[in-house]
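Enquirer: how would this look folded up:
(chains A and B)
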Amino acid sequence: MALVGLVLLSTRYYMVDLPVWRSFGGGKGPDPTTLHLQGEFVESNLGTAEGPAGSLTVRMIAQQFVFVPQCIVVPMGVPITFRITSADVVHMLSFLGTNSGIKAVPGSVTEGTFTFAKEGEFKIPCHEFCGAGHHAMRGQLNVVPGDHFASLLPGERRTCELR
Amino acid sequence: MSFASLAARLHLLRIGVGWPGALVALLAITFLLSRSDSSAQPQNSEPSVRVPSNVAWTEETLEIISGGDPFRGLILSRRCSHCHGQEGFSSVPTFPNLAGEDRLSFWKQMQDFRSAKRTSPVMQGIADGLSARDSSDLAAYYEMLPRASDPQDNRAFPQAMPDPARAPMAIRIIVFGDARRGIPPCQSCHGPVSYVRGAPPLSTQNGSYLEQQLEHFSNGYRTNDINVRMRSIARQLTPEEKTAVAEYYGAGLGP
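Expert: Model (predicted):
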């Protein structure tokens, strides 16, 4: 009986996923249909950016069925803030080889700060079923040693080539 | 008062008011621009904003598009049929076929031609003369046209694959994509498996046109896709894969 209850509860959890995440976002997030027109998720603002105090922020869009930018590059051992939103449905990034992940929800910005201890190339598969091309939705995270990561200019956004 | 003196007066008036007016307008624009720059700097300085397309799939946009009148579109389509064919199938393989074209995708491309977000020396001039309503009428008309083959019509459409050995490669990209390189399958957005707003159906599209567009997406000539979706994918495809996919669809074999 308890098992059945648990199963029912877990299905309920997935059903209410989106509204719950929206309520945490406070409903003041960007409109998923107009991300490309204004706001912080216009295409020229995506990628790794450096803040005034030297803090690094990565802005990404998850959409059916690509992450934009597809390849991001960050330095090792430094806290990095990810700001992610979705243009259509719920997606989830999981950084393979590390135990971190972050959910992308339409209509709200998900923020997470991670420090990557290992250098290398990590695949970022989508971890939440998002449609017919879900299996091929994959990005890449390149973690490079800190001294290989040249400091960014104020208006510069860094991405890399997916291989 | 003679015509010459009136003209002279008007001329004086224009010099007297027009130039300071323009100066004030320029100053106002500069002021506004500098204000918007400073207000956008709370976290870190922003690069100049690039907007790929002015079209967004909001409720208002969808309402404009779905309100298209196909009969009015039929009348307007006379100016399209010279290149795109009487039945929406063009006789030149580098011109796209419009029969059965998705409404949203058709409308978006027309708006992007008008706002010069998509570059085409021919289409930009033609789309300039069509209002948003004309475009939705045309979209409604072309969506109604059948995609079935008609041997009497002078169309370029099914062109046999020059190299049938490329078919397996095309099928792999169209049906499965390549997850290792982040290439989703074509059919997951362009149909028939599932659709995404603004993605046109490809099963009756000309191969040469498709190959050209994939090339333009990957080399940055065409940049009007929302949120860098098609550019990201086209950049991952090898030249051989682009040719294979385009020829496969152009041969009428695509799903």
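Enquirer: Assign a three-state SS to B:Arg118, would you?
Expert: With DSSP: H, G, I helix; E, B strand; the rest coil as the basis, B:Arg118 sits in coil.
Enquirer: ah, wrong one, I meant A:Thr33
Expert: helix.
Enquirer: Neighbours of it, how many?
Expert: Other residues near A:Thr33 number 19, with proximity taken as other CB atoms under 10 Å in any protein chain shown. In this view, the C-beta of every residue, glycine as well, is placed from N, C-alpha and C.
Enquirer: so it touches B:Trp57, yeah?
Expert: Yes - assessed by CB atoms under 8 Å, A:Thr33 is found in contact with B:Trp57 at 4.9 Å.
Enquirer: center of chain B - which residue?
Expert: Geometric centre of chain B, nearest residue: B:Gln109, 2.5 Å, by CA atoms, centre = their mean.
Enquirer: In space, what's closest to that one - neighbours in sequence excluded?
Expert: Nearest residue to B:Gln109 in three dimensions, chain neighbours excluded: B:Arg118, at 6.4 Å (CB to CB, 6 or more residues apart in numbering or on different chains).
Enquirer: show me the contacts for the one you found.
Expert: Applying CB atoms under 8 Å, 6 or more residues apart in numbering or on different chains to B:Arg118 gives the contacts B:Ser53, B:Gln109, B:Asp112, B:Arg222, B:Asn224.
Enquirer: Distance of it relative to chain A?
Expert: 14 Å (CB to the nearest CB, to the nearest Å).
Enquirer: B:Asn206 now?
Expert: Distance from B:Asn206 to chain A, by CB to the nearest CB: 24 Å.
Enquirer: need the contact list for that residue.
Expert: Contacts of B:Asn206 (CB under 8 Å, 6+ apart): B:Ser90, B:Pro93, B:Thr94, B:Phe95, B:Pro96, B:Asn97, B:Ala156, B:Phe157, B:Gln159, B:Gly250.
Enquirer: my guess is the first one contacts B:Asn154, does it?
Expert: No - checked against CB under 8 Å, the pair B:Ser90 and B:Asn154 is beyond contact range at 9.4 Å.
Enquirer: Between these two, which has more neighbouring residues?
Expert: B:Ser90 (24 against 12).
Enquirer: Look up the pLDDT of the more buried one for me, please.
Expert: Confidence at B:Ser90, expressed as pLDDT, is 91.
Enquirer: Skipping its backbone neighbours, what lies nearest it in space?
Expert: B:His84 (4.9 Å).
Enquirer: And for B:Met230?
Expert: Nearest to B:Met230 is B:Phe217, by CB to CB, 6+ apart, at 4.9 Å.
Enquirer: So which bits of whichever strand or helix holds that neighbour are buried?
Expert: Using DSSP states H and E, B:Phe217 falls within helix B:207-219. Neighbour counts over helix B:207-219 (16 or more other CB atoms under 10 Å in any protein chain shown) mark B:Gly207, B:Ser208, B:Tyr209, B:Leu210, B:Glu211, B:Gln212, B:Gln213, B:Leu214, B:Glu215, B:His216, B:Phe217, B:Ser218 as buried.
Enquirer: what's the answer for stretch B:132-143, then?
Expert: B:Asp134, B:Ser135, B:Ser136, B:Asp137, B:Leu138, B:Ala139, B:Ala140, B:Tyr141, B:Tyr142, B:Glu143.
Enquirer: Return the per-residue confidence for the third one.
Expert: In this case it means B:Ser136. Value for B:Ser136, per-residue pLDDT: 96.
Enquirer: do stretch A:45-63 and chain B meet?
Expert: Yes - counting by CB under 8 Å from any CB of the partner chain, contacts between stretch A:45-63 and chain B involve A:Asn45, A:Leu46, A:Ala49, A:Glu50, A:Gly51, A:Pro52, A:Thr57, A:Ile61, A:Gln63.
Enquirer: Going through those residues, which ones are buried?
Expert: A:Asn45, A:Leu46, A:Ala49, A:Glu50, A:Thr57, A:Ile61, A:Gln63.
Enquirer: Tell me what the last one is bridged to.
Expert: Listed by DSSP bridges, the beta-bridge partners for A:Gln63 are A:Val66.
Enquirer: list the contacts for it?
Expert: A:Ser86, A:Ala87, A:Asp88, A:His91, B:Asn227, B:Arg229.
Enquirer: Same check on the third one?
Expert: Going by CB under 8 Å, 6+ apart, A:Ala49 touches A:Leu56, A:Thr57, A:Val58, A:Arg59, A:Leu152, A:Glu156, A:Arg157, A:Arg158, B:Asn44.
Enquirer: Could you look up the SS state of the second one?
Expert: This points to A:Thr57. A:Thr57 - assigned by three-state DSSP - is strand.
Enquirer: per-residue confidence at it?
Expert: Reported pLDDT for A:Thr57: 93.
Enquirer: hang on, it packs against A:Ile84?
Expert: No - assessed by CB under 8 Å, A:Thr57 is found out of contact with A:Ile84, at 10.9 Å.
Enquirer: For A:Gly77, see how far away the closest residue to B:Met144 other than its chain neighbours is.
Expert: Once flanking residues are discounted, B:Met144 sits nearest to B:Pro70: 5.3 Å by CB to CB, 6+ apart. Per CB to CB, to the nearest Å, B:Pro70 is found 61 Å from A:Gly77.
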